[in-house]
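Novice: 3D, please:
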Amino acid sequence: MKGQGRLTLALAVPVVLAAWWAPLPAAGPGSALLRWAPWAAALVLGLAGWRFRRGRLAVAALAVALATLPLAAGAASRSERIAVAGLLALGLGLCALAGSRPLAARRTAGLALLALGPLVPAVLPGLAAGLPAGAGPGLLLAGAALVLVAWVRRRGPLEAAFLALLVPVALAGLADVGPLRQQALLAAPGVLLVLALVDESYRLAYHDELTGLPGRRALDGALRELGARCAVAMTDVDRFKRFNDRFGHDAGDQALRFVASRLARVRGARAYRYGGEEFALLFPGRDVATAHEAL
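Specialist: Sure, this is the predicted structure:
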């Protein structure tokens, strides 16, 4: 799923811009919604993390919610805000670096200890002031470095969300804004993580991670939406099992990627991985003769 985080990054732009520039209600339900949005996101992502075994999402959302205590309350000094934002960025960097594989309960607990351990004392009244002067910017840079490493390793939707949410986190700590604007900035990370989870879930369901092509479920959906005029070509890799047994699974995966890249370039066709070494080419609005010429 490498390289599939572009949609999340595109959606992050209006979310961050709205958190920074949108008019904010001074009181009433809108203000209460901003105040409780990070905790609602922590609850939603906690349930989603438990259901889909994505514990790092729950840890990240809880870290953001905890940071709202001093940052959005308006009681912390500027140096304390920067320090808390730096610790939050560091915790988010650890969550991003945890990888995309499902986290078991023990690994999630270890990640929570690493990501939330330094942050919990800092969000208590007065304790953030005990951090060394100038530590905040360094922690922000360290967190950004961890997120960038995660992004280079796997450019998926969740990594894109972690990359994008560094912007509102840094603004909440560095910018001289009021508590209400800080609440809006700290509500943005939860929204970004939810959007990334939806994007990744869709891609897991409809795309093949190995080849990058749409999968069989996407083909079934496309066939239901097509009109009466279309052509479908089925293809497979001859003697693939023998090749796999002789040269190993890594070589077999490379062969499948190569075949998928060639099929994706067939003019007028949409390529799908049907399953195993089988692929399908869908020619919307074409007849069999036209599809045969393209092949």
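Novice: what are the ranges of the strands in the stretch 101-250 of the chain?
Specialist: Secondary structure of the stretch 101-250 of the chain by DSSP state E, counting those that start in this stretch: the strands cover 230-236.
Novice: Spell out the residue ranges of the helices in it.
Specialist: Along the stretch 101-250 of the chain, the segments classed as helices by DSSP state H, counting those that start in this stretch run 105-116, 119-123, 135-153, 157-174, 179-206, 216-225, 240-247, 249-263.
Novice: Against which helices or strands is the last one packed?
Specialist: Contact analysis of helix 249-263 by 3 or more Cβ pairs under 8 Å, 6 or more residues apart in numbering; DSSP states H and E lists helix 240-247, strand 270-275, strand 278-284 as its packing neighbours. In this view, the C-beta of every residue, glycine as well, is placed from N, C-alpha and C.
Novice: where does the stretch 51-200 of the chain dip in pLDDT?
Specialist: Counting by pLDDT under 70, the stretch 51-200 of the chain contains low-confidence ranges at 71-76, 99-105, 121-134.
Novice: List the buried residues for whichever strand or helix holds residue 96?
Specialist: Using DSSP states H and E, residue 96 falls within helix 78-97. Neighbour counts over helix 78-97 (16 or more other Cβ atoms under 10 Å) mark 79-97 as buried.
Novice: Any idea which of the helices and strands packed on helix 249-263 gets closest to residue 28?
Specialist: For the helices and strands packed on helix 249-263, the distance to residue 28 is smallest for strand 270-275, at 49.2 Å, taking Cβ to Cβ.
Novice: if we can go back for a sec, in TSV, list the helices of the stretch 101-250 of the chain along with distance to residue 20.
Specialist: Formatted as TSV, the helices of the stretch 101-250 of the chain follow (distance: least, Cβ to Cβ, whole Å):
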stretch	distance to residue 20
helix 105-116	25
helix 119-123	23
helix 135-153	17
helix 157-174	7
helix 179-206	7
helix 216-225	36
helix 240-247	52
helix 249-263	40
